[in-house]
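Enquirer: Here's my sequence, what's the structure:
(chains A and B)
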Amino acid sequence: MTGIDLPRNGRLPFLILLLMVAAVIFGPLFFRHSYDLPGELTYAPPSWSHPCGTDLDGRDLLIRILEGGRISLLVGLCGAGISLLIGTTYGLIAGSARSSIDNGMMRFVDILYSVPRLIFILIFINSFNERLQLAASAHGWNWLVGSSRLVILILSLGVIEWLTMARIVRGQTLALRERSYVAAARVLGQGYWAILWRHLLPNLAGIVLVYLTLAIPSVIIDEAFLSFLGLGVQAPQSSWGSLLAEGAASINPLRGAWWLLLFPSLALLTTLLALYNLGAALRRRLSAKSH
Amino acid sequence: MFRRLASMPIVLFCVVSITFFLIRLSPGGPFDSERKIPPAIEKQLLAKYKLDGPLVTQYTGYLSDLLHGDLRLSTKYRNRSVNEILAQTLPVTLTLGASAFLLALMIGLWIGSFAAARPGTMAEGFSLMLTLLAISLPSFVLGPLLILIFSIKLAWLPVGGWGTPEQLLLPSITLALPFAAVIARLLHDSLRETLSEDFIRTARAKGLRETRIIYGHALRVAILPVVSYLGPLAANLLTGSIVVETIFHIPGAGGFFVNSILNRDGFLLGGVVIVYCLLLMIFNLLVDLSYSFLDRRIRQ
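Expert: Residues are numbered from 1 along each chain as shown, chains lettered A, B, ... in the order given. Prediction:
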């Protein structure tokens, strides 16, 4: 229902996002062999052969941004997907349960809102990464050994970003359960789970998709935050957050390598803005429809 | 309200327990290094930092120390207690956080009411676009960019450090701006909604001036969503201050927090987290109190 008939002011952000995703997926394939290796030109300013300049090791920054974008977008998408799963389930249960249970569940969400969740996640990632790596190599899951940090990052960011989704879904469920077709289903003798699955969930799909466009940017920002501190994605892999950290470390009055800061910032900014604008456009149409 | 007060120790207890077990159950100890320490010395070290014995005894020991207000010794910064480190660094973090908080509130309320007072104009559209831009500029993007522009290219403000008012300016702006934008959007939306209600129409019919209607009547009601955002705002500011302190080389608790993770300095890490959570809980209680006060006054 959403996505195909986009509202007019959502088309440009959607197009930008498509371009960004395509560039990130296919871009590195084109010049991978010639550029990603360390080169002789260290700290070269932007030029025709290096559109975004080069870094300390002489690596081309454009390629690094595209490859970092793979990680950033992957984390954003998967993390938001997990948050959607948790948030929808939680909100659906809270919204359809008795009011005492509902109150307790929402109070829990309130408490989590005002706890510095990211700080706990930081501790969690850094204390359980090695454990996961050990377990992975013991079981012979080689794919997991190299990317255990990424997997744990995605999981834990999904685990902290579900609160808004839960609130939205719960509110919508409270409104939906008063509708006559739900009452009709109840009169016809359908059970609690059947009503949840067949009547409430399909009608929540729209609002859930809209808020997914707002959950993705928050997960991307969280990941960049962790990687900026050097506690997220680790060295051979890079994300926009770790590129930004390198850029921030390289600006000083003597040798201002401004391009190392500017281009990763622009990549992140464009993506976030496009996502927010798309989300706003979709939300505006949704509220116009329901009135 | 009493229930909230009663739930505080429970939440704090959960926070303490989760932190303790997250740290103690992770592989590797604080004294792991390239060079192997002789077992006798390691044993002594573990005893000094109360890291010996079964886990449950360690846990109960830690809890009772906490109840006496003792956050224990840091394992990295030898011979310094966590209390001492926090006493030095926390005021710095709190100053930064408080100034960013006030700044975010001031800018946010101003832009939000400015935009809501001009529905359908270019000014409204422009301000809303600006807020969207600011939300998409997290502190680790904004901070280095501001340093690049104002400290290096223009050389107006110091690059970093702590102690003078000029050194406070860029960090607080960096920390405050994205949240100012969130507040502005919250206030704008709720003001627009409030301005379409009956009591506003009555006020208009009485012939009151538009500014009087907005700031005298509508704002009182429309401020509520902003008030309930203050709790999450404080949490976000504390988290954000970690990054801002790193960017601007500010000697606050944030830097110690990051280092304590990297050094497996469990008690320092625990101390920072516990004190942060305690501060946030007290703040949230105050917000709740003021919210119910405001809400009741409106209902009357």
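
Enquirer: The residue of the stretch 101-250 of chain A found nearest chain B: which element?
Expert: Residue nearest to chain B within the stretch 101-250 of chain A (C-beta to the nearest C-beta): residue A:127, separated by 3.0 Å. Every C-beta, even on glycine, is put in place using the N, C-alpha and C of the backbone. For residue A:127, the enclosing helix or strand under DSSP states H and E is helix A:117-139.

Enquirer: what's the helix or strand encompassing residue A:105 packed up against?
Expert: If you go by DSSP H and E, residue A:105 is part of helix A:99-113. Applying 3 or more C-beta pairs under 8 Å, 6 or more residues apart in numbering or on different chains; DSSP states H and E, we find helix A:99-113 packed against helix A:61-96, helix A:163-176, helix B:224-247.

Enquirer: measure residue A:91 to chain B for me?
Expert: With distances taken as C-beta to the nearest C-beta, to the nearest Å, residue A:91 is found 18 Å from chain B.

Enquirer: quick one: what helix or strand has residue A:285 in it?
Expert: Using DSSP H and E, the element containing residue A:285 is helix A:258-290.

Enquirer: thinking the residue of the stretch 101-250 of chain A closest to chain B is in contact with residue B:20, fair?
Expert: No. If you go by C-beta atoms under 8 Å, residue A:127 and residue B:20 don't touch, sitting 11.4 Å apart.

Enquirer: Pull the number of nearby residues for residue B:296.
Expert: Counted by other C-beta atoms under 10 Å in any protein chain shown, the residues lying close to residue B:296 total 9.

Enquirer: For it, pull up the helix or strand it's in.
Expert: Assigned by DSSP H and E, residue B:296 falls in helix B:266-299.

Enquirer: now check that helix, is it near chain A?
Expert: Yes. Helix B:266-299 lies within reach of chain A by C-beta under 8 Å from any C-beta of the partner chain, at B:269, B:273, B:276, B:277, B:280, B:281, B:284.

Enquirer: how far does the lowest-mean-pLDDT helix or strand in chain B sit from the chain's center?
Expert: Every helix and strand in chain B was compared by mean pLDDT, DSSP states H and E; the lowest is helix B:39-48, with a mean of 74. Computed by C-alpha atoms, centre = their mean, to the nearest Å, the chain-centroid distance of helix B:39-48 equals 38 Å.

Enquirer: Contacts only, for residue A:122.
Expert: A:226, A:229, A:231, B:261 (C-beta atoms under 8 Å, 6 or more residues apart in numbering or on different chains).

Enquirer: got it, and residue B:92?
Expert: B:162, B:245, B:250, B:251, B:252, B:253.

Enquirer: can you tell me which two in those are farthest apart?
Expert: Longest distance between any two of the contacts of residue B:92 is 12.5 Å, between B:162 and B:253; criterion C-beta to C-beta.

Enquirer: who's more crowded, these two?
Expert: More crowded of residue B:162 and residue B:253, by other C-beta under 10 Å: residue B:253, with 26 against 17.

Enquirer: The more buried one contacts residue B:90, doesn't it?
Expert: Yes. Using C-beta under 8 Å, residue B:253 is in contact with residue B:90, at 5.4 Å.

Enquirer: intersection of neighbour lists for those two?
Expert: residue B:275.

Enquirer: What ranges does chain B have for its strands?
Expert: Using DSSP state E, chain B contains no strands.

Enquirer: How is it divided into domains?
Expert: By the assignment in automatic domain parsing, chain B contains the domains B:2-67, B:89-294.

Enquirer: Tabulate those (TSV), appending distance to residue A:244.
Expert: As requested, those are arranged in TSV below (distance: least, C-beta to C-beta, whole Å):
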stretch	distance to residue A:244
domain B:2-67	27
domain B:89-294	6
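
Enquirer: Can you tell me which of those domains is nearest to residue A:263?
Expert: Per C-beta to C-beta, nearest to residue A:263 of the domains of chain B: domain B:89-294, 11.7 Å.

Enquirer: okay, how far is it across the closest one, tip to tip?
Expert: This stretch, domain B:89-294, spans 35 Å end to end (C-alpha to C-alpha, to the nearest Å).

Enquirer: Can you pull the poorly scored residue ranges out of the stretch 1-150 of chain A?
Expert: A:1-5, A:31-42, A:48, A:57-58, A:143-144, A:146 (pLDDT under 70).

Enquirer: for chain B, what are the nearby residues on it?
Expert: Close to chain B, as judged by C-beta under 8 Å from any C-beta, the stretch 1-150 of chain A has residues A:111, A:113-120, A:122-124, A:126-128, A:130-131, A:134.

Enquirer: Emit the ChimeraX select command for whichever of the residues you listed are buried.
Expert: Command for ChimeraX that selects the buried part of those, burial taken from 16 or more other C-beta atoms under 10 Å in any protein chain shown:
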select /A:111,113,114,115,116,117,118,119,120,122,123,124,126,127,128
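
Enquirer: and after the helix holding residue A:127, which helix or strand comes next?
Expert: Counting by DSSP H and E, what follows helix A:117-139 is helix A:142-160.

Enquirer: Do I have it right that residue B:232 meets residue A:114?
Expert: Yes. Applying C-beta under 8 Å, one finds residue B:232 in contact with residue A:114, separated by 5.8 Å.

Enquirer: And for residue B:200, the neighbour number?
Expert: When neighbours are counted by other C-beta under 10 Å, residue B:200 comes out with 17.

Enquirer: That one and residue B:193 touch, don't they?
Expert: No. With contacts counted by C-beta under 8 Å, residue B:200 stays clear of residue B:193, the gap being 10.4 Å.

Enquirer: To residue A:160, which of the domains of chain B lies closest?
Expert: Taking C-beta to C-beta, domain B:89-294 is the member of the domains of chain B nearest to residue A:160, at 10.9 Å.

Enquirer: Pull up the residues of the stretch 151-291 of chain A that are close to chain B.
Expert: Going by C-beta under 8 Å from any C-beta, the residues of the stretch 151-291 of chain A near chain B are A:217, A:221, A:224-225, A:228-231, A:241, A:244-245, A:247-248, A:251-253, A:256, A:258, A:261-262, A:265, A:268-269, A:272-273, A:276-277, A:280.

Enquirer: Lowest mean pLDDT across the domains of chain B, which one is that?
Expert: Among these, domain B:2-67 carries the lowest mean pLDDT, a mean of 75.

Enquirer: Show me how far it is from its chain's centre.
Expert: 25 Å.

Enquirer: Repeat that for stretch B:76-96.
Expert: That offset, for stretch B:76-96, works out to 17 Å (C-alpha atoms, centre = their mean).

Enquirer: what's the answer for stretch A:13-21, then?
Expert: 15 Å.

Enquirer: Buried residues in that stretch, which are they?
Expert: So, applying 16+ other C-beta under 10 Å, buried residues of stretch A:13-21: A:13, A:14, A:16, A:17, A:20.

Enquirer: Give me the contact list for that stretch.
Expert: Contacts of stretch A:13-21 (C-beta under 8 Å, 6+ apart): A:6, A:69, A:73, A:267, A:270, A:271, A:273, A:274, A:275, A:277, A:278, A:281.

Enquirer: Would you agree the last one is in contact with residue A:12?
Expert: No. At 9.3 Å, residue A:281 and residue A:12 do not qualify as touching, with contact defined as C-beta under 8 Å.

Enquirer: and the closest residue to chain A within the stretch 201-300 of chain B, how many neighbours does it have?
Expert: Of all residues in the stretch 201-300 of chain B, the one sitting closest to chain A is residue B:231 (4.1 Å; C-beta to the nearest C-beta). When counting by other C-beta under 10 Å, one arrives at 23 neighbours for residue B:231.

Enquirer: can you check residue A:279 too?
Expert: Going by other C-beta under 10 Å, the residues that sit close to residue A:279 add up to 21.

Enquirer: Grab the nearest non-local neighbour of it.
Expert: Among residues not flanking residue A:279 along the chain, residue A:213 sits closest, at 3.7 Å (C-beta to C-beta, 6 or more residues apart in numbering or on different chains).

Enquirer: Understood, closing this out.
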